[in-house]
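Visitor: fold the following, please.
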Amino acid sequence: MVSGYSISSNPKKMDLSVIHGYLSNSYWAKGIPWDVMEKAVKNSLFFGVFTSTGEQVAFVRMITDYATFAYLADVFVLEKHRGKGISKWLVKTIIEYPDLQGLRRMLLATSDAHGLYQQFGFTPLNSPDLFMELHQPNVYLKVK
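Guide: Numbering: from 1, shown residues only. Alright, predicted model coming up:
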């Protein structure tokens, strides 16, 4: 828990303009169209962090089948709210979420937050040779 903030998974509380504003400028989802972001949020387990006045300042979503696998995605804390432990609280909340217990594997990709996730038991892939990907990093920037 972080004083002055609350966490919610209530879809009515999510400020999609804040989420889209951050993600569309992030290194991992640059240029994501509104409808794609909205669909991704709707079809995931998600949590937002809010100030006491209801302003959304952070977000995380888990893409999962709730039985065997989950992928942690789109974690962010707005810059002016960083350094208060919000990211740790948010990741802890989703990792400990009751419906995500007993999963065989959780994955994530990050270029700059390895230290955060290592605190929760994430490690580099044990067998990277088993994993393959179809990666289209600029898919949102292509002209449609």
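
Visitor: make it CA atoms for all contacts and neighbour counts henceforth
Guide: Will do.

Visitor: just the helices from this structure, written as ranges.
Guide: Ranges of helices within the chain are 16-23, 34-42, 86-95, 114-118, based on DSSP state H.

Visitor: compare those and give me the one nearest E133.
Guide: helix 34-42 (19.0 Å; Cα to Cα).

Visitor: send the alpha carbons of that closest one over as CSV?
Guide: Provided in CSV are the C-alpha atoms of helix 34-42 (Å, rounded to 0.1, in the frame of the first residue of the first chain):
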residue,chain,number,x,y,z
TRP,A,34,-7.0,4.0,-29.6
ASP,A,35,-9.2,1.1,-30.7
VAL,A,36,-6.3,-1.4,-30.4
MET,A,37,-5.4,-0.2,-26.9
GLU,A,38,-9.1,-0.2,-25.8
LYS,A,39,-9.5,-3.8,-27.1
ALA,A,40,-6.3,-4.9,-25.4
VAL,A,41,-7.4,-3.4,-22.0
LYS,A,42,-10.9,-4.9,-22.3
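
Visitor: state the pLDDT value of Q136.
Guide: Looking at Q136, its pLDDT is 83.

Visitor: returning to what we had before: do you know which of the helices of the chain lies nearest M1?
Guide: helix 86-95 (6.3 Å).

Visitor: show me how far the closest one is from its chain's centre.
Guide: The chain centre lies 10 Å from the centre of helix 86-95; the measure is Cα atoms, centre = their mean, to the nearest Å.

Visitor: can you pull the buried residues of it?
Guide: By 16 or more other Cα atoms under 10 Å, the buried positions in helix 86-95 come out as 86-87, 90-91, 94-95.

Visitor: stretch 38-54 too?
Guide: Neighbour-count burial for stretch 38-54, counted by 16+ other Cα under 10 Å, picks out 41, 44-50.

Visitor: tabulate those residues (a markdown table), appending pLDDT and distance to P124.
Guide: Shown next, in a markdown table, are the buried residues of stretch 38-54 (pLDDT from 0 to 100; distance: Cα to Cα, whole Å):
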| residue | pLDDT | distance to P124 |
| --- | --- | --- |
| V41 | 96 | 26 |
| S44 | 97 | 24 |
| L45 | 97 | 24 |
| F46 | 96 | 24 |
| F47 | 97 | 25 |
| G48 | 97 | 27 |
| V49 | 98 | 28 |
| F50 | 97 | 31 |
